[in-house]
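S.K.: Quick one, what's the 3D model for this:
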Amino acid sequence: MISRQFLFVRPYISNQLSVFRNVHISKPLCQSKNRAFTLAKRNKRDKVDSGAFILLIIPVSAFALGCWQVSRRTWKINLIEKLKSRTQAEPISLLENLDILPDLEYYPVHVRGTFDHSREILIQPRSRLDFADFEKQSAARPLVTTGAHVITPFRVANRNFDILVNRGFVPFELRDPSTRRAGQIEDEHEIIGLLRSTDTLNAVWSKNEPENNVWRTRDVAEMAAAIKTAPIFIDEIKSTSVPGGPIGSQTNVQLRNEHLSYILTWFSLSALTTMMWLRKYVF
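M.R.: Coordinates of the predicted model:
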């Protein structure tokens, strides 16, 4: 009885084993894809050569320029605040600060004396600056009117020297002093103005011709030598300008601050070129 049961079971077991022997277990599809991806990455890494490192200079340089613009923006903001604080300061005495004048550019100073209109010169061409609020040096914009700045020697009261004063703007039709006699004040009076130095940037491109009395830019030393004054230059403000004369407050202290747009440009370029480099040589 027992032997028959074993005889019955053995073929069943044998058939089951034979079935499993014929089963072919293939590798998962995802494993083959992962291997292909790994091989592709390996092939891309194999392509990283000297040319790839040269191309890497682009994103690195763009990132460095972005960092440089960040520092430039900080410097520009500090400079704007410095100029703002100087132009809004209380006027100081010119005579009491003669020794430190080179360090006081854009500071308002007051001085008393008389103009010598016979030696005035013109810096031209110039556009008129109109300040909605001069005390805050805001909303400055050049108007359509074109003309000149009138530079007049100013004899300092009780002192034996003259200084240069930019009295302000006149349109072209009023460049001749005879056309603005009402503004040619002869009496002693006090003026307030901002200390200025040589416009070194424009002096490189716009050369003056002192021998022909042609002045295109503010060169304090050159002007002082030409009309025999001390090398001191101030821009008179509008509140002390003479009615009928040149229009004062022609000092433009508005500085462009576009560094934020430069920062965004350089960092965006760095990020974009970095992604392109990684896709080409890594991923």
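S.K.: And for residue 151, the neighbour number?
M.R.: Residues near residue 151, counting by other C-beta atoms under 10 Å, number 23. Every residue, glycine included, has its C-beta placed from N, CA and C.
S.K.: Revised request: answer the last question for residue 115.
M.R.: Residue 115 sits with 24 neighbouring residues when counted by other C-beta under 10 Å.
S.K.: and if you look at the one 10 residues further on?
M.R.: Applying other C-beta under 10 Å, we find 11 other residues in the vicinity of residue 125.
S.K.: secondary structure element for the residue nearest to it when sequence neighbours are not counted?
M.R.: In space, and not counting its chain neighbours, residue 125 is closest to residue 146: 5.4 Å by C-beta to C-beta, 6 or more residues apart in numbering. In the assignment (DSSP states H and E), residue 146 maps to strand 141-156.
S.K.: and the residue nearest to residue 125, what is it in contact with?
M.R.: 125-128, 171-172 (C-beta atoms under 8 Å, 6 or more residues apart in numbering).
S.K.: Would you mind checking which of these is nearest to residue 200?
M.R.: residue 126 (17.8 Å; C-beta to C-beta).
S.K.: For residue 194, see how far away that closest one is.
M.R.: Computed as C-beta to C-beta, to the nearest Å, the residue 126 to residue 194 distance reads 16 Å.
S.K.: okay, these two: which has more neighbours?
M.R.: More neighbours surround residue 194 than the other of residue 126 and residue 194, with 24 against 20 (other C-beta under 10 Å).
S.K.: Pairing partners for the helix or strand hosting that one, with directions?
M.R.: According to DSSP H and E, residue 194 maps onto strand 189-196. Paired strands of strand 189-196, with direction, are strand 108-115 (antiparallel), strand 233-236 (antiparallel) (DSSP bridges).
S.K.: Quick one: residues contacting residue 243.
M.R.: 182-183.
S.K.: So for residue 51, which of the strands paired with strand 189-196 sits nearest?
M.R.: With C-beta to C-beta as the criterion, residue 51 lies closest to strand 233-236 of those, at 57.0 Å.
S.K.: Now do the closest one: everything it contacts.
M.R.: 94, 109, 111, 163-168, 191-197, 218, 220, 223, 248-251.
S.K.: following that strand, which helix or strand shows up next?
M.R.: helix 259-281.
S.K.: same question for that following helix, mean pLDDT?
M.R.: Mean per-residue pLDDT for helix 259-281: 91.
S.K.: buried stuff in that helix?
M.R.: Neighbour-count burial for helix 259-281 flags 259, 262-263, 266-267, 269-270, 273-274, 277, 281 (criterion: 16 or more other C-beta atoms under 10 Å).
S.K.: farthest pair in the residues you listed?
M.R.: Largest pairwise distance in these, by C-beta to C-beta, is 32.3 Å, between 259 and 281.
S.K.: Show me where this protein dips below the pLDDT cut-off.
M.R.: Scanning the chain with the threshold set as pLDDT under 70 gives 1-50, 131-144, 203-204.
S.K.: can you list the domains in it?
M.R.: Domains of the chain are assigned by automatic domain parsing as 47-91+255-283, 107-240.
S.K.: From residue 195, how far out is residue 166?
M.R.: According to C-beta to C-beta, residue 166 stands 11 Å off from residue 195.
S.K.: any idea where the strands of the stretch 1-150 of the chain begin and end?
M.R.: Counting by DSSP state E, counting those that start in this stretch, one finds strands in the stretch 1-150 of the chain at the ranges 92-93, 108-115, 121-130, 141-156.
S.K.: okay if I get those as JSON lines plus distance to residue 227?
M.R.: Shown next, in JSON lines, are the strands of the stretch 1-150 of the chain (distance: least, C-beta to C-beta, whole Å):
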{"stretch": "strand 92-93", "distance to residue 227": "24"}
{"stretch": "strand 108-115", "distance to residue 227": "13"}
{"stretch": "strand 121-130", "distance to residue 227": "6"}
{"stretch": "strand 141-156", "distance to residue 227": "6"}
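S.K.: looking at the ones you listed, which is closest to residue 201?
M.R.: strand 121-130 (14.7 Å).
S.K.: which strands and helices sit next to that closest one?
M.R.: Counting contacts by 3 or more C-beta pairs under 8 Å, 6 or more residues apart in numbering; DSSP states H and E, strand 121-130 packs against strand 141-156, strand 162-171, helix 220-227.
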